[in-house]
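# got a predicted structure here, sequence first:
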Amino acid sequence: MSNSDPKYRNRHAPSPPEPKAMPPSSWAKKTGFRPKFSGDANATDSGPISTPPPRPRQPEPSLDLEAGRAPTPATANGVSETEKVSILPSSATAKKRRDSDGVPKSSVPSTNGQAVAAEPPRSTARNEEVVDGLPQMVDDEEFVSRHSHMKYELRDSPGLVPIGVYGIQHYISILGSLILIPLVIVPAMGGTHEDTSMVVSTVLFVSGVTTLLHIAFGSRLPLIQGPSFVYLAPALAIINSPEFQGFNGNKFRHIMKQLQGAIIIGSTFQTLLGYTGLMSLLVRLINPVVVSPTIAAVGLSFFSYGFPLVGTCIEIGAVQILVVIVFSLYLRKISVLGHRIFLIYAVPLGLAITWAFAFLLTEAGVYNYKGCDINIPTSNMVSEHCRKHFSRMRHCRVDTSQALKSSQWFRFPYPLQWGTPVFHWKMAIVMCVVSLISSVDSVGSYHASSLLVASRPPTPGVLSRGIGLEGVSSVLAGLWGTGTGSTTLTENVHTIAVTKMGSRRAVQLGACFLIVLSLVGKVGGFIASIPEVMVAGLLCFMWAMLTALGLSNLRYSEAGSSRNVIIVGLSLFFSLSIPAYFQQYGISPNSNLSVPSYFQPYIVASHGPFHSKYGGLNYVLNTLFSLHMVIAFLVAVILDNTVPGSKQERGVYVWSESEVARREPAVANDYGLPLRIGRIFRWVKWVGL
């Protein structure tokens, strides 16, 4: 037909056609933003974004982050460059994946042979933007298929041997997160090495059981449940309460029963928060700008514990930190048989090497002091020379612990093994607030892990279901007596990205292996015999990782926005400064000498600024405002939800829509409950698909 035909005369008019969506590898795709305007350039709430004039060939077009669009690409013969790419034949594997996931084709051929973008249904438009919204695991900025970087995806089951190997590898890589908390809190409670061994075995058992429950009936993502650092600071605050100072008798069991009661009540609150659907409403207030400083504050809050304890034996503690840093950073790209062993096993390898180094120093007699015996308490030592070197002998020698010798070969952890829990409302309120912070932590973990392994992010109902089951898991942890609540380990997301293992079958098999190990008492005894200075060195690395993982949530928002910079900065600063005010209020320089210096910040209930006639209320307020993560959460959630800002600035965690999820087989297979249990929740929309 002639070009003079009025119908085709303006085919190449100056005004461009409706612009296409941004490439899925772009920032806006990852956050799932919806356009507010149509056209090539929009004005955001944070300022105008201008686009450069069109060029014949522009390798990197200017992106409109607010609208989630890119300028219309140059066309040739009426077909755009992106349309040319879209009509290229894809591989059979990719086609099979798209068909099984229920994702509509990106383009369909038109009558004149050109590619015309298929218009998705209105109800699924929001979800279509999230399909390819995965964090890129490659160094370049080119688009990569969203599952190309994973060895095994969520529902893959390659065989018993591969998933067994990867499952064990998964748990070994996060060994520090599983075992380090009992090594901190049990000595703080006055427990013996044998008590530490039993608590470690209990933690391994409960972690394995709760992980199986969460993968089967919770979020169904391959996330390991275990003792969280979120619970460590409040646990230390309860342990160092005034009523326990100078306590005679079996101090460990008495404090453990108090912790159990507080954890059970706080976990019950979290269970109600999830299964009643309140979490799906609360999540509207929880954005990356809130999650980021809250989780970062958890890691930063233990600065007074980390290196001060490492300094008690600097030649071993510093070596521990340096070895882990070298493995995880400088040697991270070295592969052995296709595995980056130094990156994946940085913590266990660093522990083994440093332990061997400390053993050689001990056997060489470096820490032998004439006439001094490590088994004699300092109160009974007459020699001033021995008192001076007692700290080095205690922290540097590797033969001071008798945990391995005293532990049993077989021991089954059972509920209420420490006695009947004791319930106090003031400690329970503290744990209820902490369980809310734990839920905030899990929101970020669910979203990040789903982008790695699943076809779509979970629905708000699946999110609520996962939080509810985490509450049930923490109730079990309270009944068994682990000393802390159970929650999704934030470090697990990093492990999935590094190991490229997203199969839930592998994590389930690893959880079964963990349960078997927990029954061997010598395993707990061996872990309990890790020297205290090495524990502190590993914790310095783990807390630094936790801080970085928390801040990484800012990638879902506009991190360079002045609004977000100020909010995150204020949240982090006040999370350190306000608790310091409460912790230092009314303390004289020589007070509380019976408590080690690194536990001083947690003795706040008796001298905080709140002094009313209600002692329990004083305890709750002074304790809560001395916790760094609570202050960070309060400041961030108030500012983020009151300071005006566009979606682009605030960032959003994108969740799948329930109606769409029920219609798509892939989403149902990813998050649907097994054994037809989902029928129970068919009428309860807020805890299902």
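In hand now; what should we look at?
# hang on, Ser455 packs against Val667?
Yes - taking contacts as CB atoms under 8 Å, Ser455 lies within contact range of Val667: 6.1 Å. No exception for glycine: its C-beta is placed from N, CA and C like everyone else's.
# you'd agree Pro415 is up against Thr482?
No - using CB under 8 Å, Pro415 is not in contact with Thr482, being 11.3 Å away.
# who has more neighbours out of these two?
Thr482 (30 against 12; other CB atoms under 10 Å).
# roughly how far does the more buried one sit from Val516?
According to CB to CB, to the nearest Å, Thr482 stands 18 Å off from Val516.
# ok, now Gly338?
Between Gly338 and Val516 the computed distance is 27 Å (CB to CB).
# now do the helices in the stretch 401-550 of the chain.
For the stretch 401-550 of the chain, applying DSSP state H, counting those that start in this stretch gives helices covering 403-406, 425-453, 460-480, 491-499, 504-518, 521-528, 532-551.
# so which of those is the most packed in?
helix 460-480 (a mean of 26; mean count of other CB atoms under 10 Å).
# and that helix, what does it pack onto?
helix 193-217, strand 225-227, helix 251-275, helix 278-282, helix 425-453, strand 486-488 (3 or more CB pairs under 8 Å, 6 or more residues apart in numbering; DSSP states H and E).
# next up, the contacts around the residue most central in space within the chain.
For the chain, Thr490 is the residue whose C-alpha lies nearest the centre (CA atoms, centre = their mean; 1.6 Å). Residues in contact with Thr490, defined by CB atoms under 8 Å, 6 or more residues apart in numbering, are Ser228, Ile295, Asp441, Gly444, Ser445, Leu546, Leu549, Gly550.
# next, the angle helix 425-453 makes with the strand or helix carrying Asn641.
Assigned by DSSP states H and E, Asn641 belongs to helix 628-642. For helix 628-642 against helix 425-453, the angle between stretch directions is 70 degrees (axes from the mean of the first three to the mean of the last three CA atoms, to 10 degrees).
# helix 628-642: what's the following helix or strand?
Next element after helix 628-642 (DSSP H and E): helix 647-650.
# for that following helix, which positions count as buried?
The neighbour-count check on helix 647-650 (16 or more other CB atoms under 10 Å) flags Lys647, Gln648, Glu649, Arg650 as buried.
# okay, those in TSV with pLDDT and distance to Leu223 next?
Formatted as TSV, those follow (pLDDT from 0 to 100; distance: CB to CB, whole Å):
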residue	pLDDT	distance to Leu223
Lys647	84	27
Gln648	82	29
Glu649	85	29
Arg650	87	25
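# quick one: contacts for Arg504?
Neighbours of Arg504 in contact, by CB under 8 Å, 6+ apart: Leu154, Arg155, Ile215, Arg220, Leu221, Pro222.
# and Arg253, by the same measure?
Neighbours of Arg253 in contact, by CB under 8 Å, 6+ apart: Trp418, Gly419.
# could you check how far it is from Met431?
Taken as CB to CB, the span from Arg253 to Met431 is 19 Å.
# likewise Arg650?
Distance of Arg650 to Met431, computed by CB to CB: 30 Å.
# repeat that for Pro242.
18 Å.
# cool, Ile238 as well?
Counting by CB to CB, the gap from Ile238 to Met431 is 8 Å.
# between the two, which contacts overlap?
Shared contacts of Ile238 and Met431, counting by CB under 8 Å, 6+ apart, come down to Ala262.
# low pLDDT regions in the stretch 551-689 of the chain?
587-598, 605-606, 681-685 (pLDDT under 70).
# at which residues are the helices of it located?
562-584, 615-624, 628-642, 647-650, 658-663, 665-671.
# nearest to Leu539, out of the ones you listed?
Evaluated over these, closeness to Leu539 peaks at helix 628-642, with 15.5 Å, by CB to CB.
# quick one, the closest one and helix 615-624 angle?
80 degrees.
# just checking, what packs against helix 628-642?
helix 288-300, helix 425-453, helix 562-584.
# His395 is nearest to which of these?
Going by CB to CB, the one of those nearest His395 is helix 288-300, 23.3 Å.
# okay, Lys251: pLDDT?
Note on Lys251: pLDDT of 85.
# so what's it up against?
Met189, Gly190, Phe244.
# my read: the second one touches Phe252, true?
In other words, Gly190. Yes - Gly190 lies in contact with Phe252 (CB under 8 Å); the separation is 5.1 Å.
# hang on, the earlier thing: how about TSV for the contacts of Thr490, with distance to Phe610 and pLDDT added?
Conversion of these to TSV gives the following (distance: CB to CB, whole Å; pLDDT from 0 to 100):
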residue	distance to Phe610	pLDDT
Ser228	27	87
Ile295	27	93
Asp441	27	89
Gly444	31	87
Ser445	33	90
Leu546	29	90
Leu549	33	89
Gly550	28	90
